[in-house]
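Chemist: No letters, just coordinates:
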RNA sequence: GGCCCCGUCGUCUAGCGGCCCAGGACGCCGCCCUCUCAAGGCGGUAGCGCCGGUUCAAAUCCGGUCGGGGCUACCA
């Protein structure tokens, strides 16, 4: 009866064992895997995991593979796979093995149906699994009753109605064409404890699993897909993964997974369960949610343009606190130690990331910044990309302001999307001249602003000495009734039109369109005399 | 509810019985520098959840308690 449920030519487990032999790797080599599910855009936690998987595998001369866990076809999202590739590539976390690369594929679970069915049939033959015809309505009703009776929910004991069904009952349902799932016949006994080692938390114990979990989902088609639990056991065994690093949410199912490995005759892998990345919310914290929190998505970081190294450095520091104390380059080279991973979920701190990112960008040359910026802009801000392409030299000159030849480079770029607001004014294509009455000019009377600007424009010289250049503002400020220092203005505000600060601010706003900018003299030099005059003159009309 | 994990400044953490009336980083506050901003320099703020126990000695070990998080699906 069991054999009739499966294709006659379905291979036996031995076939797969031979097809996917143990790997020939050095002693102690670790094989790790990441199993992203294309049910939405990639979570930043997935990059965190990928980073750890890759580091641990490569440090041990092992292998790191990516397996697409697409067994939930209903929730699959278009374009997710493309986004995965983009993310791995951005962070240089390409796996050693993935679809099309590696001898243990296919690496999409949806294409491994025959493999799962072989092993499920084997379990059925050995009575370690059975057919279950319970409908979702029946299961919901069961849960309700269990809740009322205050007993643990699940398919077990007297609730497991199909566990000991007679062949006749099963045959009758089959004859009716009733949909069914395959359940694992758990050998667990309620109350019994199990112990196991966990690479991050040490020796752990828990109540054994006694729930008959579904291992093969129902289907109209002959090809059935497994649940996560069954796929985990089968795939990680056949792909010869020996260290399963996964999120903490899986910790409670370890006893069940161990039962599955045992029943299948597989040697279980080592497990490491990483703490979940959290987000601060008004009442406390919760796990970063892909659906609710924009910063949970990898796309958020790509779009904003955080340099990959900055993000990786931040993530590495979260994994091993000691790495956060090292300089970026050293930290990216240093090994991640599983034993040093924290057991508590860290809150992701956007401000800290920005600080790290600004520090990192400050170490780059103007050429490096421009190169990265152009790649980012090409995808996320095409208009800016066009301007940068057309004005390559201007862009370099703009970036060089207070960055080249100074002891402390500017840190006004935390991410590539900051460029527009911080440096956009250097480009006439991106700049709109400021006219009289603009609120950015502050409270100075229009007449004064106009007269001051006119005077400035008339005598303006493109001097190469900073002090001499500033003297132009200084002298004119005095002439128009501004106090020579902020201090003096403060002492007798009624005697002055404003201070030198206010006078400079007029020129600053005219040149940059902002009340905050890099050093004015440098800006003016990059802009050139004609452009300075054009912008300042705009205030005289 | 049951089961599991976790618990040091606001945040990330160092600490693994005396070196700690707890160190660093980010944030925040103040001062300096200053034509604004971003920096930079100097200083400051703030924490071992609580209660017992072990010990000459506990942030560190044990128990309890409280709190946070996770799981409890034919989702992963």
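Modeler: Looks like it came in fine. As the structure is a prediction and not an experimental result, all values here were calculated from the model.
Chemist: Residues of the stretch 301-450 of chain A that sit close to RNA strand B?
Modeler: Residues of the stretch 301-450 of chain A lying near RNA strand B by CB under 7 Å from any atom of the strand: A:317-318, A:321-322, A:324-325, A:340, A:342-347, A:349, A:351-352, A:355, A:358-359, A:402, A:408-412. Using the backbone N, CA and C atoms, a C-beta is placed for each residue, glycine as well.
Chemist: Just the buried residues from the residues you listed, in ChimeraX please.
Modeler: Selecting only the buried entries of those in ChimeraX, with 16 or more other CB atoms under 10 Å as the criterion:
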select /A:317,318,345,346,358,359,402,409,410,411,412
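Chemist: The residues of the stretch 301-450 of chain A next to RNA strand B in helices, which ones?
Modeler: Of these, the ones assigned to helices by DSSP state H are A:317-318, A:321-322, A:324, A:351-352, A:355, A:358-359.
Chemist: Please identify which of these is nearest to RNA strand B.
Modeler: Lowest distance from RNA strand B to these (CB to the nearest atom of the strand) belongs to residue A:321, with 2.6 Å.
Chemist: which parts of stretch A:105-114 are buried?
Modeler: A:105, A:107-110, A:112-114.
Chemist: Among those residues, give me the pair with the biggest separation.
Modeler: The most widely separated members of the buried residues of stretch A:105-114 are A:107 and A:114, with 14.9 Å between them, by CB to CB.
Chemist: I'd like the buried residues of stretch A:105-114 as TSV, with pLDDT and secondary structure appended.
Modeler: Below are those laid out as TSV (pLDDT from 0 to 100; DSSP: H, G, I helix; E, B strand; the rest coil):
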residue	pLDDT	secondary structure
A:105	83	coil
A:107	97	coil
A:108	97	strand
A:109	97	helix
A:110	95	helix
A:112	97	coil
A:113	96	helix
A:114	96	helix
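Chemist: In TSV: these, plus distance to residue A:29.
Modeler: Below are those laid out as TSV (distance: CB to CB, whole Å):
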residue	distance to residue A:29
A:105	20
A:107	19
A:108	25
A:109	24
A:110	29
A:112	24
A:113	30
A:114	29
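Chemist: The helix or strand hosting residue A:14 - contacts with which helices or strands?
Modeler: Residue A:14 belongs to helix A:13-19 when assigned by DSSP states H and E. Helices and strands touching helix A:13-19, as assessed by 3 or more CB pairs under 8 Å, 6 or more residues apart in numbering; DSSP states H and E, comprise helix A:113-125.
Chemist: and the helix it packs on, anywhere near RNA strand B?
Modeler: No. Using CB under 7 Å from any atom of the strand, helix A:113-125 never reaches RNA strand B; the gap is at least 11.3 Å.
Chemist: buried stuff in that helix?
Modeler: Applying a neighbour-count criterion of 16+ other CB under 10 Å, one finds A:113-124 buried in helix A:113-125.
Chemist: strands paired with the next helix or strand after it, and their directions?
Modeler: Note on helix A:113-125: by DSSP H and E, the next helix or strand toward the C-terminus is strand A:129-132. Sheet pairing of strand A:129-132 (DSSP bridges) gives strand A:181-184 (antiparallel).
Chemist: so what secondary structure elements neighbour the least confident helix or strand in chain A by mean pLDDT?
Modeler: One helix or strand of chain A scores below all others by mean pLDDT, DSSP states H and E: strand A:284-287, with a mean of 79. Applying 3+ CB pairs under 8 Å, 6+ apart, one finds that strand A:284-287 makes contact with strand A:278-281.
Chemist: For the strand it packs on, name the packing helices and strands.
Modeler: strand A:284-287.
Chemist: chain center to the strand it packs on: distance?
Modeler: On the basis of CA atoms, centre = their mean, to the nearest Å, strand A:284-287 sits 18 Å off its chain's mean C-alpha point.
Chemist: Stretch A:500-510 too?
Modeler: Computed by CA atoms, centre = their mean, the chain-centroid distance of stretch A:500-510 equals 42 Å.
Chemist: Report the buried residues of that stretch.
Modeler: For stretch A:500-510, by 16+ other CB under 10 Å, it's A:500, A:502-510.
Chemist: do stretch A:414-424 as well
Modeler: Result for stretch A:414-424 [16+ other CB under 10 Å]: buried residues A:414-420, A:422-424.
Chemist: ok, now stretch A:177-194?
Modeler: A:180-186, A:188.
Chemist: The one residue sitting closest to the centre of chain A and residue A:321: what is the separation?
Modeler: Most central in chain A under CA atoms, centre = their mean is residue A:44, positioned 2.0 Å from the mean C-alpha point. To residue A:321, residue A:44 is 19 Å away according to CB to CB, to the nearest Å.
Chemist: ok, now residue A:143?
Modeler: If you measure residue A:143 against residue A:321 using CB to CB, the figure is 42 Å.
Chemist: Pull up the gap between residue A:233 and RNA strand B, please.
Modeler: Computed as CB to the nearest atom of the strand, to the nearest Å, the residue A:233 to RNA strand B distance reads 13 Å.
Chemist: That residue should be in a helix, yeah?
Modeler: Yes. Under DSSP: H, G, I helix; E, B strand; the rest coil, residue A:233 falls within a helix.
Chemist: before we move on, what SS does the closest residue to it other than its chain neighbours have?
Modeler: Spatial nearest neighbour of residue A:233, excluding adjacent residues (CB to CB, 6 or more residues apart in numbering): residue A:260 at 4.2 Å. For residue A:260, the assignment made with three-state DSSP gives helix.
Chemist: What of residue A:194?
Modeler: strand.
Chemist: That one: what's it in contact with?
Modeler: By CB atoms under 8 Å, 6 or more residues apart in numbering, the contact set of residue A:194 is A:205-208, A:255, A:258.
Chemist: near RNA strand B too, which of the residues you listed?
Modeler: Among the contacts of residue A:194, RNA strand B is touched by A:205-207 when using CB under 7 Å from any atom of the strand.
Chemist: For burial, what's the neighbour tally of the residue nearest to residue A:233?
Modeler: 26 (other CB atoms under 10 Å).
Chemist: tally of neighbours for residue A:444?
Modeler: What residue A:444 shows, counting by other CB under 10 Å, is a neighbour count of 18.
Chemist: Please disregard the earlier target; I meant residue A:334.
Modeler: 14.
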